[in-house]
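A.B. asks: Pasting the sequence and the predicted coordinates here, then a few questions.
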Amino acid sequence: MLAASLLYLPGMVLDLLGLVTCRTMGESSTIKMVKSKSWTMVKHFEGLPKLEDFKLEEKELPPLKDGELLLESVFLSVDPYMRPYSKRMMKPGDVMIGSQVARVVESKNPAFEVGTYHVTNVGWTTHFISDGAGFQSLPKEWPENLPRSLAVGAAGMPGYTAYFGLLEICNPKEGEVVLVNCAAGAVGSLVGQIAKIKGCKVVGSAGSDDKVTYLKEIGFDEAFNYKTVNSLEEALKNASPEGYDCYFENVGGNYADVALQQMKQFGRISVCGAISLYNDSVPATGPYIQTYMLFKQLRMEGFLVTRWMQRYPEAQKHLLKWIAEGKLKYHEHVTNGFENMPAGFIGMLTGENIGKAVIKV
């Protein structure tokens, strides 16, 4: 009589509890089937995402085929773009979008060695099978004293965003004044420091006194808490009475309405994000910007960092060099545990983090 947990097939004993025992030519080996956990979106977000908008699901992964590899996520990224892009790219039941640093734990692809690390974009999941297409491999000379989480932070997508968004669009010159909002975030904190490397005066705003202290610690010339000032217009004027040559926009909304009025002639605005608007159920309205654009002869340009994807290695080389030299400082807000991903994501959207928000599995 067969045991309830075993199913006998030619050449194989399948243990329904998750162990496969293979017998070939009198030999046997036992393989533990890998189970992957993933966070899915239950329904499209209405306003700020809530914990009940996510569901944790589990599935068993099949054995590898030739050319495939099995990876486990080590660090996962939570970023503002996930909020608006979830509406554009996802349907209810899909695994939440996002990137991670993942390690190869099994490989049947000679191009990928076990133990190597790669940045992938497979969403909020702990384990996955891939053929390696589209991977961004961490360089073998990755500095031993730096956490690999930086590959989704200061030396990864947020770093590339700051690097190209500032240098390619604003093109700041030595002695110019650069304004950054959401300046203590993953991107803004790097923008300000890169501007300082280029010899600029940098003004930043953030949403808490602790964040303002951090901005001053990493070299911002002026910083203020936009939530506690009596007047945003007055705070911007006090920080730079002569106005601003460059404005790196992360917030949008009323902040942009005020900041545009204080741009210098021929100022440049790099539009990276509009986080103040992402959770609005009703689209916001505001002053029209054309008169400011016209009479100050401003140039405003939005961008997606993937525009420069072919140049990511160039940016990463510079970013790692500046970090090693102490010119570019980073701060990570680490949430431990894959089960806490939704809370980490919501916390990032509400401004809990200083620097890059990451989830450590």
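C.D. replies: Perfect, thanks for sending it. Residues are numbered from 1 along each chain as shown.
A.B. asks: Report how many residues lie close to residue 297.
C.D. replies: One way to gauge burial is a neighbour count; for residue 297, by other Cβ atoms under 10 Å, it gives 11. All C-beta atoms are positioned from the backbone trio N, CA, C, and that covers glycine.
A.B. asks: Quick check, pLDDT for it.
C.D. replies: According to the per-residue confidence, residue 297 scores 97 in pLDDT.
A.B. asks: And residue 13, by the same measure?
C.D. replies: Per-residue confidence for residue 13 comes out at a pLDDT of 35.
A.B. asks: same question, residue 347
C.D. replies: Predicted confidence (pLDDT) at residue 347: the value is 97.
A.B. asks: The strand or helix carrying it packs against which elements?
C.D. replies: Secondary-structure element containing residue 347, defined by DSSP states H and E: helix 341-349. Of the remaining helices and strands, those touching helix 341-349 by 3 or more Cβ pairs under 8 Å, 6 or more residues apart in numbering; DSSP states H and E are strand 332-336, strand 356-360.
A.B. asks: What strands line up against the last one, and which way round?
C.D. replies: Spelled out, it's strand 356-360. Based on DSSP bridges, the pairing partners of strand 356-360 within the sheet are strand 69-77 (antiparallel), strand 332-336 (parallel).
A.B. asks: and those, which is most packed in?
C.D. replies: strand 69-77 (a mean of 24; mean count of other Cβ atoms under 10 Å).
A.B. asks: Any idea which residue is closest to the centre of this protein?
C.D. replies: Residue closest to the mean C-alpha point of the chain, counted by Cα atoms, centre = their mean, is residue 79 at 4.2 Å.
A.B. asks: chain center to stretch 274-287: distance?
C.D. replies: When distances are taken as Cα atoms, centre = their mean, to the nearest Å, stretch 274-287 is centred 21 Å away from the chain's centroid.
A.B. asks: Kindly apply the preceding question to stretch 60-80 instead.
C.D. replies: Offset of stretch 60-80 from its chain centre (Cα atoms, centre = their mean): 18 Å.
A.B. asks: Report the residue spans of this protein with pLDDT below the cut-off.
C.D. replies: 1-32 (pLDDT under 70).
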